[in-house]
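Enquirer: just a sequence and a predicted model for now, questions to come.
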Amino acid sequence: MIIEQKDDYTIDLDTLPPALRPVAEEMQKFVQKRNIYHSAIREVSTKLEILDDEFHVRNDHNPIHHMESRVKSVQSIFKKIQKKGWDVNTESIGKITDIAGIRVICNYLDDVYKISEMLLRQDDIELIREKDYIAHPKESGYRSLHLVVLVPVFLADHTERIPVEVQIRTIAMDTWASLEHELKYKNENGISEEAAADLKNIANVISDLDQRMLKIHKNEGNKVEV
């Protein structure tokens, strides 16, 4: 068993100068609100793990290779609020739909849509937005299925419905996206047109690879005796 020591984010308002108390109180609300997004990620992650296990029992195949999750840093949240021109308060946080994010990496292309279908079939999951960048890739060549869902987080005295962005993609798509992001991150002035064209061509090759791997998977699966 791992015992995690939690950071103490509590601010004793009575010990602060009166002029700082309104700011500190708003900051305390901000930290508490951000913590709820961690809980929302756990709710969705648990659902996905259960669905993956159930699918394996029924079909002898795990659609999920692995999952990654993150909650935007306080700095990133502040930057987004300022970029939008909103007031820096907890109400503005509620307008941002990608504070909590889960990336689901699947083995095969069919698994991407199967996971999406199973997740959205849950009674307490509400779909807010869907963008299918697999059927309609971005100009860069980026491919992934993006969902924004509302998930209930059950607190001590009330329930909040929190948005979580779920990105679902294949292993090959994720490899391309990670490397493309790294290249752009290291080049502050952006990548050259030649490099962008090469990346787009590679994305097309990877898409073809996903289709061929899926075909092999289906053909070999049909040979298995039940």
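Expert: All right, it came through fine.
Enquirer: which other helices and strands contact the helix or strand bottoming out on mean pLDDT in the chain?
Expert: Scoring the helices and strands of the chain by mean pLDDT, DSSP states H and E places helix 90-93 at the bottom, with a mean of 77. Contacts defined by 3 or more Cβ pairs under 8 Å, 6 or more residues apart in numbering; DSSP states H and E place helix 90-93 against helix 21-59, helix 74-84. Where you see a C-beta, it was placed from the backbone N, CA and C, and this is true even at glycine.
Enquirer: adjacent strands (with direction) for the longest strand along the chain?
Expert: Taking DSSP state E as the criterion, the chain has its longest strand at strand 159-170. Strand 159-170 pairs in its sheet with strand 100-106 (parallel), strand 145-154 (antiparallel), by DSSP bridges.
Enquirer: in the last one, which residues are buried?
Expert: Of the residues in strand 145-154, those buried under the neighbour-count criterion (16 or more other Cβ atoms under 10 Å) are 145-151, 153.
Enquirer: same check, this time on stretch 47-59
Expert: Of all the residues in stretch 47-59, those buried under the rule 16+ other Cβ under 10 Å are 47-48, 51-52, 55.
Enquirer: would you turn the strands paired with strand 159-170 into CSV with mean pLDDT and distance to Leu199?
Expert: Below are those laid out as CSV (pLDDT from 0 to 100; distance: least, Cβ to Cβ, whole Å):
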stretch, mean pLDDT, distance to Leu199
strand 100-106, 96, 19
strand 145-154, 96, 19
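Enquirer: JSON lines for these, including distance to Trp86?
Expert: Putting the strands paired with strand 159-170 into JSON lines (distance: least, Cβ to Cβ, whole Å) gives the following:
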{"stretch": "strand 100-106", "distance to Trp86": "18"}
{"stretch": "strand 145-154", "distance to Trp86": "18"}
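Enquirer: closest to Met67 out of these?
Expert: With Cβ to Cβ as the measure, strand 100-106 is the member of the strands paired with strand 159-170 nearest Met67 (5.4 Å).
Enquirer: quick check: angle from the closest one to helix 21-59?
Expert: Strand 100-106 and helix 21-59 meet at an angle of 20 degrees, taking axes from the mean of the first three to the mean of the last three Cα atoms, to 10 degrees as the criterion.
Enquirer: send the alpha carbons of strand 100-106 over as CSV?
Expert: Provided in CSV are the C-alpha atoms of strand 100-106 (Å, rounded to 0.1, in the frame of the first residue of the first chain):
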residue,chain,number,x,y,z
ALA,A,100,-9.4,17.6,-17.0
GLY,A,101,-8.1,15.4,-19.8
ILE,A,102,-7.7,11.7,-20.4
ARG,A,103,-5.9,10.2,-23.4
VAL,A,104,-6.9,6.7,-24.2
ILE,A,105,-4.5,4.8,-26.4
CYS,A,106,-6.1,1.8,-28.3
